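K.L.:
quick one: sequence and predicted model below, then my questions.
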Amino acid sequence: MNIFNTTKQYLQERQTRSVSILHVAIIVLISSQLIVSNFMAFSDTGDLSSNTIEFYGTWLHIITGLFLIPVAITFLIVELRRHSLKHFFPYLYGEFTQLGGDIKHLLKFKLPEASDYGIAGSIQGLGLGALFLVLFTGLLWFITWNANLSWSHDIEDVHKLLTGLVQAYMIGHGVMGVLHIFVYSKSLKGG
């Protein structure tokens, strides 16, 4: 079985079709945001760069960012219908039992299965939190930039800072996903 079929099978066993579609849409949109952000520029007065690539890169970033907001909200609603808020933030509810068990598994170099109130849900909660912070600051930056407010540069700085959280989450989430699929593929082969 090739890696694409194994990955597809792994995801189908663990996610509904709607979650998978939204998951892929968010991955593609965030990845494009990160790439396109390298082709954005503003003048010292806050105007868009007159450079063609930077001009269109900036607008592409803005448009995909605005499109990402309803996609992310839909994903959040779908996930909250499947799981409670406690699933994503068990530590806020004083629930540490499953987290402790998952950490013990990790310390033994074993990947814990996703379970209620465990590390997988907690990390997903942190990722959702980071995503919504970036979306909120991006939208706020867009609004303040359009209103020509002097403090829009401060919002831009906060937005860029928070983007690092999403980048770190995508790398960590991606690496853990690859590890889980690798372990899953070995289990299919009986090893």
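P.N.:
Arrived safely, thanks for sending. Numbers count the residues shown, from 1 in each chain.
K.L.:
quick one: the helices in this structure, in order.
P.N.:
Secondary structure of the chain by DSSP state H: the helices cover 3-14, 17-36, 52-82, 85-88, 97-107, 119-146, 152-188.
K.L.:
D44: which of those helices is closest?
P.N.:
Closest to D44 of those, according to CB to CB: helix 152-188, at 10.1 Å. For the C-beta atoms, the positions are set from N, CA and C on the backbone; glycine is no exception.
K.L.:
angle of that closest one against helix 119-146?
P.N.:
150 degrees (axes from the mean of the first three to the mean of the last three CA atoms, to 10 degrees).
K.L.:
name the residues of helix 152-188 that are buried.
P.N.:
Neighbour-count burial for helix 152-188, counted by 16 or more other CB atoms under 10 Å, picks out 152, 155-156, 158-159, 162-163, 165-166, 169-170, 173, 180-181, 184-185.
K.L.:
so where's this protein uncertain?
P.N.:
When residues are selected by pLDDT under 70, those of the chain lie in 1, 191.
K.L.:
what about F75, how many neighbours?
P.N.:
Neighbour count for F75, taken as other CB atoms under 10 Å: 20.
K.L.:
ok, now which ones touch the residue nearest to it when sequence neighbours are not counted?
P.N.:
Distances taken as CB to CB, 6 or more residues apart in numbering put L22 closest to F75, at 4.3 Å, once the chain neighbours are dropped. Contact partners of L22, counting by CB atoms under 8 Å, 6 or more residues apart in numbering, are V71, T74, F75, V78.
K.L.:
top of those residues by number of neighbours, please.
P.N.:
When neighbours are counted by other CB under 10 Å, F75 leads the contacts of L22 with 20 neighbours.
K.L.:
didn't that residue look like it was pressed against I26?
P.N.:
Yes. Between F75 and I26 there is a contact at 6.1 Å, judged by CB atoms under 8 Å.
K.L.:
circling back: can I get the helices of the chain in a markdown table with distance to E113?
P.N.:
A markdown table is the format used below for the helices of the chain (distance: least, CB to CB, whole Å):
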| stretch | distance to E113 |
| --- | --- |
| helix 3-14 | 10 |
| helix 17-36 | 17 |
| helix 52-82 | 16 |
| helix 85-88 | 14 |
| helix 97-107 | 9 |
| helix 119-146 | 8 |
| helix 152-188 | 9 |
